[in-house]
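Enquirer: Here's my sequence, what's the structure:
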Amino acid sequence: MQRVHVAVGVILDPQQRILLTRRAVDSHQGGLWEFPGGKVEAGEDLLSALSRELREELGIEVGRTTALLAVQHDYADKAVLLDVHVVWDFVGEAQGMEGQPLEWVRAQDLAQRQFPAANQPIVSAVLALLSA
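Expert: All right, here's what the predicted structure looks like:
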């Protein structure tokens, strides 16, 4: 089974809304909403991967982050390790650099979105973090 290590950002704006992007329909778990990020390349550390992915996907430069959680999930066709960081500040205006839709949502509205199964623990952790 293919194993994929992914750096994931829970990006917050000043109003503590969360940035979500929609996966391409032809991709794994296509059409679902997700927290942005991407694969950690061989020899790349987690924060470098997160910064690179968010620059490539959204056109932003990552500022302060903190670790939130790590999620291991096995799908039928691949296993993922999601290393999740909260991005507390960033420079630039987030755009779908790869044509992907994006939306800023309030924490209480996350339940109205459809996410890949591996993202459900992230949703729970974000709700706990922002309600504390």
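Enquirer: What is the burial count for the nearest residue to Gly31 once chain neighbours are set aside?
Expert: In this structure, Gly31 finds its nearest non-sequential neighbour in Val25, 5.0 Å apart by Cβ to Cβ, 6 or more residues apart in numbering. Glycine gets a C-beta too; all of them are placed from N, C-alpha and C. By other Cβ atoms under 10 Å, the residues close to Val25 number 8.
Enquirer: Give me the most central residue, the chain.
Expert: In the chain, the centroid-proximal residue (Cα atoms, centre = their mean) is Phe35; its distance is 2.5 Å.
Enquirer: Distance check, that residue against Ala42.
Expert: Counting by Cβ to Cβ, to the nearest Å, the gap from Phe35 to Ala42 is 23 Å.
Enquirer: do Ala111 as well
Expert: From Ala111 to Ala42 the distance is 36 Å (Cβ to Cβ).
Enquirer: Who has more neighbours out of those two?
Expert: Between Ala111 and Ala42, Ala111 has the larger neighbour count (other Cβ under 10 Å), namely 9 against 6.
Enquirer: The residue nearest to the centre of the chain: what's it in contact with?
Expert: Going by Cβ atoms under 8 Å, 6 or more residues apart in numbering, Phe35 touches Val8, Gly9, Val10, Ile11, Ile18, Leu19, Leu20, Thr21, Val84, Asn119, Ile122.
Enquirer: again, only using 7 Å
Expert: Val8, Gly9, Val10, Leu20, Asn119, Ile122 (Cβ atoms under 7 Å, 6 or more residues apart in numbering).
Enquirer: Please apply the same query to Phe115.
Expert: So Phe115 contacts Leu32, Trp33, Glu34, Val123 (Cβ under 7 Å, 6+ apart).
Enquirer: Please read off the pLDDT at the third one from the model.
Expert: The confidence metric pLDDT takes the value 94 at Glu34.
Enquirer: Check whether it really touches Asn119, as I assumed.
Expert: Yes. At 5.9 Å, Glu34 counts as touching Asn119 under the criterion of Cβ atoms under 7 Å.
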